[in-house]
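Trainee: build me a model:
(one chain, ligands or ions: 2)
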Amino acid sequence: MNNYSKKIQGLNLQLKKRGVEDPLQDVVKKALERPKIFKDRQVMRSDYVPGTLPHRSDHIRRLGEILSPALRFSRASNVFIYGKTGTGKTAVVKYVFNRFREVAELEGLPLYFSYINCRIAGTEYRVLAELCESIGVKVPFTGLSKAEVFNRFRNSLREKNIILVASLDEIDVLVKNYGDNLLYELTRVNESFETGGLNIVGVSNDLHFKESLDPRVLSSLSEEELVFHPYTALELVDILMERAAMAFYPGTVSEEVIRLCAALAAQEHGDARRAIDLLRVAAEIAERSGASIVEEKHVRLAQNMIERGRVFEALSTLPLHSKLVLTTLYLLARNDLNNPTSGILYETYREVCSLIGMEPLSDRRVSMLISELDMLGVLRSEVVSMGRYGRTRRITLMTPIDEIQQVLESDDLLKTLINHRPTAVIKNRSS
Ligand SMILES: Nc1ncnc2c1ncn2[C@@H]1O[C@H](COP(=O)(O)OP(=O)(O)OP(=O)(O)O)[C@@H](O)[C@H]1O
Ligand SMILES: [Mg+2]
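Mentor: Ligands and ions are numbered 1, 2, ... in the order given. Just a heads-up that it's a prediction; the model follows:
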């Protein structure tokens with residue numbers, strides 16, 4: 001028995017003497033007895049960069065070649081990297097940056113590398129501030145104008161006579177929110193420099209992103225391009241095998257389990273993040289249930305859990321009135337009105353709005369929200385004939401009602417509506 005177990009036992013004795021039941025006794029006992037599956041949880045985290053990246057050697061080499069002039073203190077080409085989510089773009093950029101940074105430090109080169117995730121940075125100001133910080137220029141959290149921060153960045157780059165290779169990951173998010181002005185300015189930074197300067201590695205998983213760029217910005221950003229294709233199921237097996245060997249105790253995760261995770265992740269597109277998440281969640285479920293190995297049933301449960309998580313996230317980030325339309329459909333469905341006409345939906349939506357003191361949108365706007373939700377696959381809207389009454393739209397929820405309930409319960413305003421019985425239901429019953 002280890003020290004911790006002894007302590008717990010001692011504590012239980014004390015509680016028993018006082019006639020108090022320890023509600024955690026079983027939980028603690030089980031946790032201490034439970035067979036272990038994870039050897040190193042860190043390895044399965046999404047931001048972990050493994051020491052080797054199977055099936056990405058070509059991309060690593062190519063990015064390395066494009067950036068290698070920087071090691072000789074000449075400016076390299078800007079690179080634009082794109083490909084679907086989970087195809088290893090961020091991992092490859094971080095891998096190459098880490099390696100080159102080591103060389104630059106070892107050789108004492110005036111060369112800096114900065115990895116910035118534009119979605120996490122959030123604003124143009126933060127992106128500029130992070131660029132400044134990466135070359136040792138301090139910028140207050142707020143208070144300066146963007147132009148001022150930009151000037152400080154450009155001037156320091158020139159004065160210090162250094163090269164900065166900056167990766168702007170998820171660059172599409174920045175451009176979607178602020179347009180491509182900053183990118184334009186950044187691609188022009190070098191124009192007044194003799195030596196030194198800025199190299200940009202832009203990364204995006206939005207395959208249409210390029211279309212939204214001004215042609216001048218596009219041509220300077222994508223002097224070189226690297227495309228990342230989805231992994232095949234077999235490639236995912238290799239990736240998972242390497243991860244599993246580091247993350248789990250021998251014999252706890254079989255090759256069949258890994259093959260299943262790879263196959264499921266490859267179904268939509270070969271997304272390594274999804275494959276790794278699936279294996280991690282399956283192992284967590286197995287460990288929690290006291291199993292000593294991960295089995296197929298754990299992977300299937302993990303798949304369900306992740307799917308539900310995705311639906312939850314998609315629904316809980318919808319704009320308020322789209323959520324109100326969903327709430328309306330939920331309330332009708334819960335009271336057995338499963339595919340209401342658009343007329344009943346509008347009427348009940350207005351009732352729902354008045355309950356929480358919101359001004360309802362016009363029927364036309366609500367109709368547009370319905371079309372958007374239809375495109376997302378949350379509901380289906382169909383035109384049906386009503387015989388001599390003409391034609392109308394009927395709207396059917398395509399998302400399980402308990403998943404919508406979870407979203408409503410997590411929202412302080414919407415949860416007050418859950419038990420409401422819409423007037424349309426009462427009318428329907430009495431007619
Ligand atoms: N070839 C590989 N070998 C090992 N692990 C990999 C490989 N490719 C991706 N991964 C892992 O899969 C996960 C997702 O990869 P990464 O974050 O690089 O995807 P991404 O292409 O940047 O996706 P997104 O567009 O969503 O940002 C990470 O945990 C990463 O470590
Ligand atoms: Mg990424």
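Trainee: most centrally placed residue in this protein?
Mentor: Geometric centre of the chain, nearest residue: Thr85, 9.1 Å, by Cα atoms, centre = their mean.
Trainee: separation between that residue and Ser204?
Mentor: Using Cβ to Cβ, to the nearest Å, one obtains 10 Å as the distance from Thr85 to Ser204. Glycine gets a C-beta too; all of them are placed from N, C-alpha and C.
Trainee: which residue comes closest to the residue nearest to the centre of the chain once chain neighbours are left out?
Mentor: Nearest non-adjacent residue to Thr85, counting by Cβ to Cβ, 6 or more residues apart in numbering: Asn205, 4.7 Å away.
Trainee: what number of residues lie near that neighbour?
Mentor: 18 (other Cβ atoms under 10 Å).
Trainee: what are the phi and psi values at Tyr112?
Mentor: phi -120, psi 150 (degrees, to the nearest 10).
Trainee: hang on, I meant Leu168
Mentor: phi -110, psi 90.
Trainee: and the residue nearest to Thr85, what pLDDT?
Mentor: We have a pLDDT of 93 for Asn205.
Trainee: for it, what are its contacts?
Mentor: When contacts are counted by Cβ atoms under 8 Å, 6 or more residues apart in numbering, Asn205 is found next to 82-85, 87, 89, 170, 172.
Trainee: same thing with Val189?
Mentor: Counted by Cβ under 8 Å, 6+ apart, Val189 has contacts 153-154, 157, 197-198.
Trainee: name the SS class of it, please.
Mentor: On the three-state scheme (DSSP: H, G, I helix; E, B strand; the rest coil), Val189 is labelled helix.
Trainee: any idea how far ligand 1 is from it?
Mentor: Look at Val189 and ligand 1: by Cβ to the nearest ligand atom, to the nearest Å, they are 25 Å apart.
Trainee: just the strands in this protein please.
Mentor: 79-83, 111-117, 163-169, 197-204, 224-228, 379-385, 391-397 (DSSP state E).
Trainee: closest one to Arg334 among those?
Mentor: Checking those against Arg334 by Cβ to Cβ gives strand 391-397 as the closest, at 10.2 Å.
Trainee: by contact count, what packs against that closest one?
Mentor: Counting contacts by 3 or more Cβ pairs under 8 Å, 6 or more residues apart in numbering; DSSP states H and E, strand 391-397 is packed against helix 320-334, helix 342-355, strand 379-385.
Trainee: so it versus helix 320-334, what angle?
Mentor: Calculated by axes from the mean of the first three to the mean of the last three Cα atoms, to 10 degrees, strand 391-397 forms an angle of 90 degrees with helix 320-334.
Trainee: please compute how far strand 391-397 lies from its chain's middle.
Mentor: Distance of strand 391-397 from its chain centroid, counting by Cα atoms, centre = their mean, to the nearest Å, is 33 Å.
Trainee: what comes up buried for that strand?
Mentor: Residues 393-395, 397 are the ones in strand 391-397 that count as buried (16 or more other Cβ atoms under 10 Å).
Trainee: follow-up on the earlier one: of all the helices and strands packed on strand 391-397, which one is nearest ligand 1?
Mentor: helix 320-334 (24.2 Å; Cβ to the nearest ligand atom).
Trainee: where does pLDDT dip in the chain?
Mentor: 1-20, 30-35, 428-431 (pLDDT under 70).
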